[in-house]
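K.L.:
for reference, the sequence and a predicted model appear below.
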Protein chains: 2
Amino acid sequence: MTVTRRTMLGAAVAGGVVAMVPGGAVATALAKSVERWGLYEIALDGPSGGNPFDDVRLTATFESGGRTIAVPGFYDGDGTYRIRFSPGDLGRWTWRTASNVAALDGKTGTMTCVAPAAGNRGPVRMSRDGYHFVYADGTPYRPVGTTSYSWALQSDARCAETLATLKTAPFNKIRMCVFPNVASVATDPFVRTGAGPKDWDPARFDPAYFRRFEDRIRRLGALGIEADVILFHPYDKLRGYSDMKPADDARYLRYIAARFGAFRNVWWAMANEYDLVETKTVADWDRLFQTLVAADPHDRLRSIHNLHVYYDQRKPWITHASIQNGAAVLDDGRVHPHRQFAQKAVIFDEVIYEGNSSKRWAALTGEQLVERFWWGTIGGCYVGHGEVLSAGDNPDVSWLGQGGKLNGTSPARIAFLRKILEDGPLPGIDPIQQFWDYHLGGRDFTYYLKYFGRDTPTEWKVRLPTKAADPHNSFRIDVIDTWNMTVTPVDGVFTMQQLNEYDVHDPARPTVALPGRPYMALRIVKV
Amino acid sequence: MTVTRRTMLGAAVAGGVVAMVPGGAVATALAKSVERWGLYEIALDGPSGGNPFDDVRLTATFESGGRTIAVPGFYDGDGTYRIRFSPGDLGRWTWRTASNVAALDGKTGTMTCVAPAAGNRGPVRMSRDGYHFVYADGTPYRPVGTTSYSWALQSDARCAETLATLKTAPFNKIRMCVFPNVASVATDPFVRTGAGPKDWDPARFDPAYFRRFEDRIRRLGALGIEADVILFHPYDKLRGYSDMKPADDARYLRYIAARFGAFRNVWWAMANEYDLVETKTVADWDRLFQTLVAADPHDRLRSIHNLHVYYDQRKPWITHASIQNGAAVLDDGRVHPHRQFAQKAVIFDEVIYEGNSSKRWAALTGEQLVERFWWGTIGGCYVGHGEVLSAGDNPDVSWLGQGGKLNGTSPARIAFLRKILEDGPLPGIDPIQQFWDYHLGGRDFTYYLKYFGRDTPTEWKVRLPTKAADPHNSFRIDVIDTWNMTVTPVDGVFTMQQLNEYDVHDPARPTVALPGRPYMALRIVKV
């Protein structure tokens, strides 16, 4: 029996594109060190008889500076067991395995966690205020996501095309399913037991399926894109992957958490349209979250996505709300209650897609989708993209279903918005006095975004809401055409004075001219 | 020692106006029966020394048909202890007291619960679906509330004026504080210990204060008005009634629950603007709710009202959400998320008031307040009224603060809306396919309300959203001017046929004419 240690350097995750090895792991040199937030892997030889997924328990306890973390291992087929750990703290770590199998028990080792390479900013966490996101190294992260449910399960060529698209697209997060929801090349996460659609064994994973999937996660990481991994969905009634028994669900979650959880760009989306999964109740979802929390020492971000029935987003295992709503981001006043109820960050992950479908859920113009992004932004939340521009009228054959190329008009405008967000204040855009319906987001006294949506005003009366602490700053104002992607500075500054109990203004400059077009915004920044 | 039994007949609560007895209880004849949902009272003589509020524990256990209910008693001063019970089940009840004081222990009695008199519909409960309200006898209850915080603490003459106003006003619920928040006649719920504002003993209630308050509750009941009793508020920093210690808060809640809880028209509002009470955390409020639930065998409705920070309305002790928001009921699309998050009935109890104040929170026109009522209604929720039309600019001296007369233009229009609600479907108005932004409330296939707010359309394209189960009914349509209070039937019927996958229409009658005025609505009812 041999103990091999493989270290996947953080750079291999966050750096350039790695050659695609269909169905295989990315083999890297043995190493005694790992980047902070990189992936350290222990591979051990053990039994392949019986059912290793059920029979073998394996954990490694990592210790550094008095802190210990128990990291579960997983079976990767052919008698190989792996333990993956992404250290969050610099310095020397020791580890020791524990197993009910002698060959895997009591193995020990050491490694040193070294400073991350350029581009490795660590996993995304919630900002201190809970309403925004930040990389572990303190760099702000503004989620600008897209959805391509089964892109990772397509052919290697199609996957490469999708990755090439993502390389120049504005998206830093992608929602993607473990289980296929449209026609796919990879369709069997579990070992088949016959030819029928339900002839598969929930107790036996096919490691090749997951190895292939994690290759896609790794490649997304190399592009700086978070993988929002959807664990269950209601669309596979034929196969029934979301209709397993509780013990099978738990085994699956533990396997996923052990295999994927050490990749620093992984987020957990417990389900897509959870309320359509007929075989699970809210109590079941609560239990699955508890299982996932217990199985994931890396404590990755967790959400659940609805169709009509909002999950209780205040539950402690929810790190941020993932909301589907077709009408909520048509007005910042509809957005605000989501923050007020969730009391944490809200991502409107599905707001109807840009598309040419006969289905209304996939028939927005680019303008309509971009408008939704802006209202969500002004409301202090985040919005997600999806595209269904398909030949024929099959939404499955589209970016949304299978990835490939983006053909819509929204991504360029979303890139434009992303730049504005990245130039914006920390930790992000908050609603400004939403009780009084100002349609303003930003930070008190220093930064404001105003958005006019489909209105076509020819001027804006310069008024900002005030509070007792107002220092009466001076501001520059940019007129932003969110569709034509222009930023036009207004000459000079606006020096605020008290107008009345509620507002400040510049008596010398009462208005800003606007061009009478739709989709205009203003950026008002303290000088 | 004597045992006296006083029965306050339900009729005395729900029937005609009882002569006002300042500071005194309404004495009624001894009776061996009580109406269902009426108030049965046991009065016992006991010790007056020491501190009866702390020293004496007294409970009566009522039993009927194998069901037992433990009802806590309270000390009413001058050596008198009372136990109040409102039976929910017809038939013979027996009771037995238990106390740590021999004179109050082991007393027994019987009474018969008889059918309620006309007008006694029992307490208001949540509808089965949780989004609406219903009296215990099954009569629907549509909350149309107002707020007059300290009306019950004004002079008897002013209280009589308020009650006379309410007798002809459209309101069937009133929010009212136990502790004064504006200049009041009754100011001392606790025994004074000196001349300073904080010289009072939280362990010693002044029974006369509470006797006077419950007289107002009873008189509201006689008018068919629910008393939404606000237990704490942040506005009495001088006295500090909301800044008591936890044990004092608990004693107060137990006293309130024992004294007031048997009145069938009582609701509990734990606090007004709870998030402004600086001495209490959310954990404190949670604990107070648990105390209240344990102290209230009558299980009256429970809510808590916010300023900016929404309480978690899904918590199990919340029966319905009470929301303050200045902008949420300006569009049904802003209303819907509240239902989706709360998953129970939502009352927007404070939406800015009709008023002439220089303060913006009290400066709506009647049109603006009525508009808010309609958007809330279409959104499947309920809205509350308040009025600050005061001489000078002191909002305290107004209906909102002290009661008296109503002078606004909104109450007549709210009465008009109430009539429409009472003619409407059971259990109430729900949002109709809000994901698709139809601006429709009602019940699928049978009843729809559409509202146009400030828009001034000259026609409406007749389209209703459909579903697989759509029976393609025929409808009559009323054009409603919500401000001028007219209902104009459109001649003939509209016979629905499938228009496309999503909508039905009548190809023979594509539009309904509208007058181009604001505040119009349509009522579309199956024939």
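P.N.:
Nice, thanks for sending it over.
K.L.:
domains for chain A, by residue range?
P.N.:
What the record gives for chain A is the domain set A:3-114, A:124-422, A:432-526, from automatic domain parsing.
K.L.:
looking at chain A, which helix or strand is least sure?
P.N.:
Counting by mean pLDDT, DSSP states H and E, chain A has its least confident helix or strand at helix A:10-14, which shows a mean of 30.
K.L.:
that one: what's the following helix or strand?
P.N.:
Using DSSP states H and E, the next helix or strand after helix A:10-14 towards the C-terminus is strand A:33-35.
K.L.:
what residues of the helix or strand just after that following strand count as buried?
P.N.:
Per DSSP H and E, the first helix or strand lying C-terminal to strand A:33-35 is strand A:39-45. Taking 16 or more other CB atoms under 10 Å in any protein chain shown as the neighbour-count basis, strand A:39-45 is seen to contain the buried residues A:39-44. C-beta coordinates here come from the backbone N, C-alpha and C atoms, glycine included.
K.L.:
now, among these, which is nearest to chain B?
P.N.:
The shortest separation between chain B and any of these is 37.5 Å, and it belongs to residue A:39 (by CB to the nearest CB).
K.L.:
show me where the stretch 1-150 of chain A has strands.
P.N.:
Counting by DSSP state E, counting those that start in this stretch, the stretch 1-150 of chain A has strands at residues A:3-8, A:33-35, A:39-45, A:58-64, A:67-75, A:80-85, A:91-99, A:108-114, A:124-126, A:133-135, A:140-141, A:145-147.
K.L.:
again with the stretch 351-500 of chain A
P.N.:
With DSSP E, counting those that start in this stretch as the criterion, the stretch 351-500 of chain A has strands spanning A:354-355, A:382-385, A:387-388, A:430-431, A:440-443, A:447-451, A:459-461, A:464-465, A:474-481, A:486-489, A:494-495, A:497-498.
K.L.:
could those strands be laid out in CSV, adding mean neighbour count and distance to chain B?
P.N.:
Rendered in CSV, the data for these read as follows (neighbours: other CB atoms under 10 Å in any protein chain shown; distance: least, CB to the nearest CB, whole Å):
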stretch, mean neighbour count, distance to chain B
strand A:354-355, 26, 15
strand A:382-385, 30, 15
strand A:387-388, 26, 16
strand A:430-431, 21, 10
strand A:440-443, 23, 12
strand A:447-451, 23, 15
strand A:459-461, 13, 17
strand A:464-465, 21, 11
strand A:474-481, 18, 23
strand A:486-489, 12, 29
strand A:494-495, 18, 23
strand A:497-498, 11, 15
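K.L.:
any chance of TSV for the ones you listed, columns distance to residue B:244 and mean pLDDT?
P.N.:
Formatted as TSV, the strands of the stretch 351-500 of chain A follow (distance: least, CB to CB, whole Å; pLDDT from 0 to 100):
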stretch	distance to residue B:244	mean pLDDT
strand A:354-355	57	97
strand A:382-385	42	98
strand A:387-388	58	96
strand A:430-431	34	98
strand A:440-443	37	98
strand A:447-451	42	98
strand A:459-461	47	98
strand A:464-465	35	98
strand A:474-481	46	98
strand A:486-489	56	98
strand A:494-495	48	98
strand A:497-498	39	97
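K.L.:
if we can go back for a sec, which one of the strands of the stretch 1-150 of chain A lies closest to chain B?
P.N.:
Shortest distance between chain B and the strands of the stretch 1-150 of chain A, using CB to the nearest CB, is found for strand A:145-147: 17.3 Å.
K.L.:
any buried residues in that closest one, and which?
P.N.:
A:145-147.
K.L.:
can you give me phi and psi for residue A:328?
P.N.:
Per-residue torsions, residue A:328: phi -70, psi -30 (degrees, to the nearest 10).
K.L.:
what's the neighbour count on the nearest residue to it once chain neighbours are set aside?
P.N.:
In space, and not counting its chain neighbours, residue A:328 is closest to residue A:334: 4.7 Å by CB to CB, 6 or more residues apart in numbering or on different chains. Residues contacting residue A:334 under the criterion other CB atoms under 10 Å in any protein chain shown number 24.
K.L.:
surely residue A:334 touches residue B:337?
P.N.:
Yes - Residue A:334 sits in contact with residue B:337 when judged by CB atoms under 8 Å, with a separation of 6.6 Å.
K.L.:
overlap of the contact sets of the two?
P.N.:
Residues touching both residue A:334 and residue B:337 (CB atoms under 8 Å, 6 or more residues apart in numbering or on different chains): residue A:328.
K.L.:
which one of the domains of chain A is the most hemmed in?
P.N.:
Of those, the one with the most neighbours on average (mean count of other CB atoms under 10 Å in any protein chain shown) is domain A:124-422, at a mean of 21.
K.L.:
endpoints of that one, how far apart?
P.N.:
End-to-end distance of domain A:124-422: 15 Å, with CA to CA, to the nearest Å as the criterion.
K.L.:
of all the strands of the stretch 351-500 of chain A, which one is nearest residue B:310?
P.N.:
strand A:430-431 (13.1 Å; CB to CB).
K.L.:
in its sheet, what does the closest one sit against?
P.N.:
Take DSSP bridges as the rule and strand A:430-431 pairs in its sheet with strand A:440-443 (antiparallel).
K.L.:
so which helix or strand takes in the residue minimising distance to the centre of chain A?
P.N.:
The residue lying closest to the centre of chain A (CA atoms, centre = their mean) is residue A:228, at 4.1 Å. When elements are assigned from DSSP H and E, residue A:228 belongs to strand A:226-232.
K.L.:
could you export that strand as PDB, CA atoms only?
P.N.:
Coordinates of the C-alpha atoms in strand A:226-232 are reproduced here as PDB (Å, rounded to 0.1, in the frame of the first residue of the first chain):
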ATOM      1  CA  GLU A 226     -17.500  30.900  -9.500                       C
ATOM      2  CA  ALA A 227     -19.300  27.600 -10.100                       C
ATOM      3  CA  ASP A 228     -22.800  27.800  -8.500                       C
ATOM      4  CA  VAL A 229     -23.400  24.100  -8.400                       C
ATOM      5  CA  ILE A 230     -27.100  23.100  -8.400                       C
ATOM      6  CA  LEU A 231     -27.400  19.900  -6.500                       C
ATOM      7  CA  PHE A 232     -31.000  19.000  -7.200                       C
END
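K.L.:
fine by me, we can end here.
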